[in-house]
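In: When you get a sec, could you give me coordinates for this:
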Amino acid sequence: MDQTVHSDVPYIAKIVIQKQVPVCGAILDIEEKIVISLAYRGPLEQTAPVSVDTVPGTVTIDTAIALEGVHQACVSGTFGANCTSQCGHCAGYCDHRYGNCSGGCTPGYNGIMCKEECAPGSYGADCEEYCGQCIGECNHVHGTCHAGCQTGYKGLTCKAECASGTYGKDCSSRCGECLGVCDHINGLCPRGCKAGYEGIKCNKECTVNRYGANCSEHCGECVEGCSNVDGICVGGCKAGYKGGTCDEACEFGYFGKNCHQECSMFCFTSRNCSRFSGHCEFGCKLGWKGLNCLESIAFEMLSYIHIYKYLGLNNMKF
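Out: This next block holds a predicted model:
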């Protein structure tokens, strides 16, 4: 009976091979029944010429075969008896008889049937990728850390350290004034602090009247305190001192804030005055008086003479 069978999946067929074999000078007709999987798709006729490889060796028999029964293979994704078993996560073809995966597994699975998820701590193709610094486990397929990252790490897979200048949970904390970078996990400054800062995280400014590396320097004679970084006195110097950090005494002959004032030349020793107040150290020269020796006695006497003349006291002797 000629009947054509159509299908979109491979066939399993039991065939009867009809061949003639010489035995002791006679020719015998032999029938051999085998089961084969027809490795093509499309129409099949119940009677068709084929080439069959037999074991042992390879024998090609070109003859007519009779298909005793044609059975479709399991549809894609199933295998086994009556096709009741589900295939695993095969990257290629799933064997319709045993469920083995040819072509390996899709990412996140392994085993010959690709039904085993990657072991904890691994993910991806052939489970060869290692999870990042996840809180808990990472996704066995793409490595995403669903519960977030450990302190000091960021990204979907938590493999990236915090960017320079940040640290901590979700990399949300800013590093202090470190020399170099801070530790991306705890924020500590392994190389110490920049000038003007102290503490294990270098996030504290120097206390009042201190500045510099490790806050080891003392401020000068500032009016309003100094910069915690370089010691510069923002409000200038107290009387008797000068310079950016106000740690230099006034030069001889000068006094007051920032040493901007000159001592009197009428001091007993000219311009020899206190650098703080401007007072002449050893009094005044003849004809001068006052703490700073800027008051003229002669001018004062003339003033008295004019007053007496105005009052008509011309006979007054001085």
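In: pLDDT score assigned to the residue nearest in space to the middle of the chain?
Out: Centroid-nearest residue in the chain, with CA atoms, centre = their mean: C162, separated by 2.3 Å. As summarised for this prediction, C162 has a pLDDT of 97.
In: got it, and the one 5 residues further on?
Out: On the pLDDT scale, Y167 is placed at 97.
In: Might one say that it is in contact with C178?
Out: No - counting by CB atoms under 8 Å, C178 is not a contact partner of Y167; they are 10.2 Å apart. Quick note: C-beta positions are derived from backbone N, CA and C, even for glycine.
In: Looking at those two, which one has more neighbours?
Out: Set side by side, Y167 and C178 show more neighbours around Y167, with 25 against 21, by other CB atoms under 10 Å.
In: tell me the contacts of the closest residue to the residue nearest to the centre of the chain other than its chain neighbours?
Out: Using CB to CB, 6 or more residues apart in numbering and skipping residues adjacent in sequence, the residue nearest C162 is C171, 3.7 Å away. By CB atoms under 8 Å, 6 or more residues apart in numbering, the contact list for C171 reads G152, Y153, K154, C162, A163, H184.
In: gap between the nearest residue in space to the third one that is not next to it in sequence and G136?
Out: Leaving out its chain neighbours, the residue that sits closest to K154 by CB to CB, 6+ apart is C171, at 4.9 Å. For C171, the distance to G136 equals 19 Å [CB to CB, to the nearest Å].
In: same question, I200
Out: Taking CB to CB, one finds I200 at 30 Å from G136.
In: pretty sure K238 contacts E224?
Out: No - the criterion here is CB under 8 Å, and K238 misses it with E224 at 10.0 Å.
In: the more surrounded of these two?
Out: K238 (17 against 9).
In: before we move on, the earlier item: how far away is the residue nearest to C162 from I200?
Out: Plainly put, C171 is 19 Å away from I200 if you go by CB to CB.
In: which residues does F79 bridge with?
Out: S85 (DSSP bridges).
In: That should have said E198, apologies.
Out: If you apply DSSP bridges, the partners that E198 bridges to are K204.
In: Just to check, G103 is in contact with C94?
Out: No - G103 is beyond contact range of C94, at 9.4 Å (criterion: CB under 8 Å).
In: Next, give phi and psi for K169.
Out: phi -60, psi 130 (degrees, to the nearest 10).
In: And for it, nearest residue in space, chain neighbours not counted?
Out: In space, K169 is closest to T151, 5.1 Å off (CB to CB, 6+ apart).
In: So how do I select the buried members of the contacts of C171 in PyMOL?
Out: To isolate the buried ones among the contacts of C171 in PyMOL, judged by 16 or more other CB atoms under 10 Å, type:
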select buried, resi 152+153+154+162+184
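In: Tabulate the contacts of C171 (JSON lines), appending secondary structure and distance to C219.
Out: Putting the contacts of C171 into JSON lines (DSSP: H, G, I helix; E, B strand; the rest coil; distance: CB to CB, whole Å) gives the following:
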{"residue": "G152", "secondary structure": "coil", "distance to C219": "37"}
{"residue": "Y153", "secondary structure": "strand", "distance to C219": "42"}
{"residue": "K154", "secondary structure": "strand", "distance to C219": "41"}
{"residue": "C162", "secondary structure": "coil", "distance to C219": "36"}
{"residue": "A163", "secondary structure": "coil", "distance to C219": "36"}
{"residue": "H184", "secondary structure": "coil", "distance to C219": "35"}
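In: In contact with E129, which residues?
Out: For E129, the contacting residues are S122, Y123, G143, by CB under 8 Å, 6+ apart.
In: Check the gap between the first one and C215 for me.
Out: When distances are taken as CB to CB, S122 and C215 turn out to be 49 Å apart.
In: re earlier: need the phi and psi values for the residue nearest to C162.
Out: phi 50, psi 40.
In: What's the separation between it and H184?
Out: Counting by CB to CB, the gap from C171 to H184 is 8 Å.
In: wait, what's in contact with N272?
Out: For N272, the contacting residues are F252, G253, C263, C280, E281, F282, by CB under 8 Å, 6+ apart.
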